[in-house]
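Visitor: sharing a model prediction with you, sequence too.
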Amino acid sequence: MPPLEEELFPSTPGKIKIHHHTMSRAIQRCFTSTSTMFLWALFLIALMASYMSIQSFVDSGSRYLHHTNSRVHGGLVWEKQIRSSAQIRRSNGISVLVTGAAGFVGTHVSLALKKRGDGVVGLDNFNDYYDPSLKKARCALLDSHNIFVVDGDINDQRLLAKLFDLVAFTHVMHLAAQAGVRYAMENPHSYVHSNVAGLVTLLEQCKSADPQPAIVWASSSSVYGLNDKTPFSESDRTDQPASLYAATKKAGEAITHTYNHIYGLSITGLRFFTVYGPWGRPDMAYFSFTRNILQGKPITVYRGKNRVDLARDFTYIDDIVKGCVASLDTSGKSTGSGGKKKGAAPYRIFNLGNTSPVTVPALVSILEKNLKKKAKKNVVEMPGNGDVPFTHANISLAQRELGYKPTTDLPTGLRKFVKWYLSYYGYDHSLPVN
Ligand SMILES: O=C(O)[C@H]1O[C@H](OP(=O)(O)OP(=O)(O)OC[C@H]2O[C@@H](n3ccc(=O)[nH]c3=O)[C@H](O)[C@@H]2O)[C@H](O)[C@@H](O)[C@@H]1O
């Protein structure tokens, strides 16, 4: 016989068996005397009273929890905050659900949209892949611009349905993801959870929404993997990923294609090339190098085979934001409704890079100059951890279709980053940033 807990909470959904006869006999037994019925009535009244007081607590609590983004999803105040954040304040404006809004790119894109009068609602799970206090600080910045960020996960189907019930989003800017190339060896499942399962949950919601939103989402330059034809063009092969991270982003491109094909969702995938800048991600090289140089700690600089330096097409955040906003503006409409396709919808993929790769040692030199301090470098051969030796974007397609034209070179962008870093962390570098 299975243990009692197993009967009550089956490990897989869809296996709950309700034994109606047994249950009705039990109910009959309970109601055999009038005194028992009276006690039951009292119990029900007490239950209703406590439900009503909990509901009013939730409503008043969410007023105060606004800044800390409570996990409580519901209540009149919460709904009002979402509706107000989604309000469009310009003619022909759009209303956008930004997933990963407390992330690096998400914060910048949300601000840009809000500043021009679009409606923005953020969604973020504030996970601890890197210091959540930085995410909270970004969130406070968004809050000061009247952008509300819901504390929740893209895997939470009920929450997504609730958000779409409240707001007829015209667009979804999907930036929530498990990022980082090398961390995939430590925690592979987090990549599948966010970048595959979470993506599907979000697409399922978008496909059944009426109207369906157009979707712009973050793919990655890492999908080019072992491709050695440079610069990388969108039509180059992407079937040789070098990391699980890259594989999940490639999977995302395939998955979004099916939702475009079957349900008529308008999809734009953006292959970002090593994005950097103020409010950036502490797990990335430029950020952790800055911290270590300031703290007098060594940095590890990877080098490719035959002592060849690694290089990246580092792209400044403001350029990426322009590419994201232009993608939203040119996305075209999804054609389906209620899960039914009515015609072909756009399916696009663009490289968003800088078109001028810089080596990692050159990145370190620029940081040294800005920080006025020498790095203690440990140069080691690149371990087989998912890294690729070189990235270089061909951006002519984005230039043609989006008017995308990056304008910030690495020295200028890093100067802005260092200025922000010092203003944010101060000169007391004892605080951990990752
Ligand atoms: O372009 C992209 O698609 C990807 O860009 C970055 O990935 P990555 O280019 O590896 O960025 P960093 O982790 O900042 O590394 C930059 C370079 O510094 C090198 N590096 C990194 C860390 C380190 O300790 N030492 C070191 O030499 C890496 O090998 C790489 O060549 C992001 O972390 C990914 O999320 C993103 O998708």
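Guide: Yep, that arrived.
Visitor: please name the residues that touch the residue lying closest to residue 396 once chain neighbours are set aside.
Guide: Leaving out its chain neighbours, the residue that sits closest to residue 396 by Cβ to Cβ, 6 or more residues apart in numbering is residue 233, at 8.0 Å. Glycine gets a C-beta too; all of them are placed from N, C-alpha and C. Taking Cβ atoms under 8 Å, 6 or more residues apart in numbering, we find residue 233 in contact with 351, 394, 396, 397.
Visitor: equivalent analysis for residue 200, please.
Guide: Per Cβ under 8 Å, 6+ apart, neighbours of residue 200: residue 255.
Visitor: what about it, distance to the ligand?
Guide: 20 Å (Cβ to the nearest ligand atom, to the nearest Å).
Visitor: coming back round to it: buried by neighbour count, from the contacts of residue 233: which ones?
Guide: 351, 394, 397 (16 or more other Cβ atoms under 10 Å).
Visitor: any idea which element the last one lies in?
Guide: The one in question is residue 397. helix 396-402 (DSSP states H and E).
Visitor: what residues of the helix or strand that comes right after that helix count as buried?
Guide: For helix 396-402, the following helix or strand on the C-terminal side (DSSP H and E) is helix 410-425. Neighbour-count burial for helix 410-425 flags 410, 413, 414, 416, 417, 418, 421, 425 (criterion: 16+ other Cβ under 10 Å).
Visitor: now swap in stretch 378-387 and tell me
Guide: 382, 386.
Visitor: tabulate the CA atom coordinates of the helix holding residue 397 in PDB.
Guide: Written as PDB, here are the backbone C-alpha positions of helix 396-402 (Å, rounded to 0.1, in the frame of the first residue of the first chain):
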ATOM      1  CA  SER A 396      24.700  44.700 -41.900                       C
ATOM      2  CA  LEU A 397      21.300  43.000 -41.600                       C
ATOM      3  CA  ALA A 398      20.500  44.900 -38.400                       C
ATOM      4  CA  GLN A 399      21.800  48.100 -40.000                       C
ATOM      5  CA  ARG A 400      19.500  47.700 -42.900                       C
ATOM      6  CA  GLU A 401      16.300  46.500 -41.100                       C
ATOM      7  CA  LEU A 402      16.600  48.300 -37.800                       C
END
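Visitor: mean confidence for that helix?
Guide: Across helix 396-402, the average pLDDT comes to 98.
Visitor: just stretch 124-138 next, same as before
Guide: 98.
Visitor: other residues contacting stretch 174-182?
Guide: Contacts of stretch 174-182 (Cβ under 8 Å, 6+ apart): 98-101, 103, 105-106, 109, 123-125, 129, 154, 184, 187, 190-191, 193-195, 198-199, 202, 215-218, 222, 243, 245-246, 248, 281, 283, 385-387.
Visitor: dump the buried residues of helix 410-425 to TSV, plus distance to residue 377 and pLDDT.
Guide: Formatted as TSV, the buried residues of helix 410-425 follow (distance: Cβ to Cβ, whole Å; pLDDT from 0 to 100):
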residue	distance to residue 377	pLDDT
410	18	98
413	21	98
414	17	98
416	24	98
417	19	98
418	18	98
421	19	98
425	22	96
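Visitor: closest to residue 84 among these?
Guide: Of all the buried residues of helix 410-425, residue 84 sits closest to residue 416, with 31.8 Å by Cβ to Cβ.
Visitor: now the closest residue in space to residue 352 that isn't next to it in sequence: which helix or strand?
Guide: What sits nearest to residue 352 in space, not counting adjacent residues and going by Cβ to Cβ, 6+ apart, is residue 323, at 4.2 Å. Of the helices and strands defined by DSSP H and E, residue 323 is found in helix 317-329.
Visitor: check the gap between the residue nearest in space to the middle of the chain and residue 100 for me.
Guide: Central residue of the chain (Cα atoms, centre = their mean): residue 176, 1.1 Å from the mean position. Residue 176 sits 3 Å away from residue 100, going by Cβ to Cβ, to the nearest Å.
Visitor: next: residue 421.
Guide: Distance of residue 421 to residue 100, given as Cβ to Cβ: 21 Å.
Visitor: for the buried residues of helix 410-425, work out which two are farthest apart.
Guide: 410 and 425 (21.2 Å).
Visitor: hang on, the earlier thing: give me the common contacts of residue 176 and residue 100.
Guide: Counting by Cβ under 8 Å, 6+ apart, the residues touching both residue 176 and residue 100 are 106, 123, 124.
Visitor: now, which of the residues you listed sits nearest the ligand?
Guide: Taking Cβ to the nearest ligand atom as the measure, the ligand lies nearest residue 106 of the shared contacts of residue 176 and residue 100, at 13.1 Å.
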